[in-house]
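A.B. asks: Here's my sequence, what's the structure:
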Amino acid sequence: MAPRIKTPPAPATPDPATPDPRERATQDQLAERHAYALQLSQLGVPPTIALQRISSRFGVSVRQSRRYLAHANEEVRQEGIPSESELIDVALGMTARVLANAVLDAAEAGEYTQLQRLSRELRELKSATRPGPQLSDDELKTEMRVRAAKDAYNAAKNHADLAELDDAN
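C.D. replies: Below you'll find the model as predicted:
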């Protein structure tokens with residue numbers, strides 16, 4: 001008896017709703033992929049994780065993901081890295097805001113020893129830094145609140161000193 005030869009099944013008609021993976025991406029799809037790769041690059045996501053995220057999100061190969069990420073990284077490099085002085089200014093501004101808020105919190109909670117220490121740190125930070133840009137309205141309000149808290153602390157301290165003097169006499 002002769003062996004039977006299996007014939008391959010007839011090709012199924014393609015489903016129009018399912019895109020052919022061999023088709024090229026549209027301009028909108030390319031823009032979306034590039035924007036996502038750029039976002040990951042700007043956030044500082046490690047390259048291996050970024051490649052996996054791009055590949056799984058858009059159903060592209062790791063090789064193609066690498067191209068999107070390389071293009072995004074090049075764009076980030078062209079935008080430029082902030083100078084050291086700009087980074088220092090931002091860090092000092094943030095530190096001053098954190099200290100000012102901590103001074104306010106300590107004043108509201110009545111923690112006068114903390115208030116004194118934080119106020120000193122804030123003064124030292126301000127005296128050590130060079131003059132920066134003009135303060136915004138919110139920063140001016142915070143500065144005024146800090147000064148009011150310092151005045152309240154000094155008044156309470158003076159009151160306590162006077163009470164001690166009265167008790168001693």
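
A.B. asks: Where does the prediction get shaky in the protein?
C.D. replies: Filtered on pLDDT under 70, the chain yields the residue ranges 1-22, 80-87, 127-137, 140, 161-169.

A.B. asks: What ranges does it have for its strands?
C.D. replies: Using DSSP state E, no strands are found in the chain.

A.B. asks: Can you give the domain ranges for it?
C.D. replies: According to automatic domain parsing, the chain comprises the domains 27-79, 84-168.

A.B. asks: CSV for those, including mean neighbour count?
C.D. replies: All C-beta atoms are positioned from the backbone trio N, CA, C, and that covers glycine. Shown next, in CSV, are the domains of the chain (neighbours: other CB atoms under 10 Å):
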stretch, mean neighbour count
domain 27-79, 15
domain 84-168, 13
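
A.B. asks: which residues touch Ala152?
C.D. replies: Ala107 (CB atoms under 8 Å, 6 or more residues apart in numbering).

A.B. asks: Kindly provide the distance from it to Ala70.
C.D. replies: Per CB to CB, to the nearest Å, Ala152 is found 58 Å from Ala70.

A.B. asks: isn't Glu75 right up against Ala35?
C.D. replies: No. With contact defined as CB atoms under 8 Å, Glu75 and Ala35 do not form a contacting pair (10.6 Å).

A.B. asks: Spatially nearest residue to Leu115, not counting backbone neighbours?
C.D. replies: Ala106 (4.1 Å; CB to CB, 6 or more residues apart in numbering).

A.B. asks: My understanding was that Glu121 contacts Leu99; is that so?
C.D. replies: Yes. Using CB under 8 Å, Glu121 makes contact with Leu99 at a distance of 5.8 Å.

A.B. asks: quick one: common contacting residues for the two?
C.D. replies: By CB under 8 Å, 6+ apart, no residue touches both Glu121 and Leu99.

A.B. asks: Endpoints of stretch 54-62, how far apart?
C.D. replies: 8 Å (CA to CA, to the nearest Å).

A.B. asks: Glu32: what's its closest spatial neighbour, skipping adjacent residues?
C.D. replies: Here the residue nearest Glu32, using CB to CB, 6+ apart, is Phe58, at 7.8 Å.

A.B. asks: mind listing what that neighbour touches?
C.D. replies: So Phe58 contacts Gln29, Glu32, Arg33, Tyr36, Ser65 (CB under 8 Å, 6+ apart).

A.B. asks: Show residues contacting stretch 31-48.
C.D. replies: In contact with stretch 31-48 (CB under 8 Å, 6+ apart) are residues 25, 50, 53-54, 57-58, 60, 65, 68-69, 71-73, 75-76.

A.B. asks: Good, we can wrap up now.
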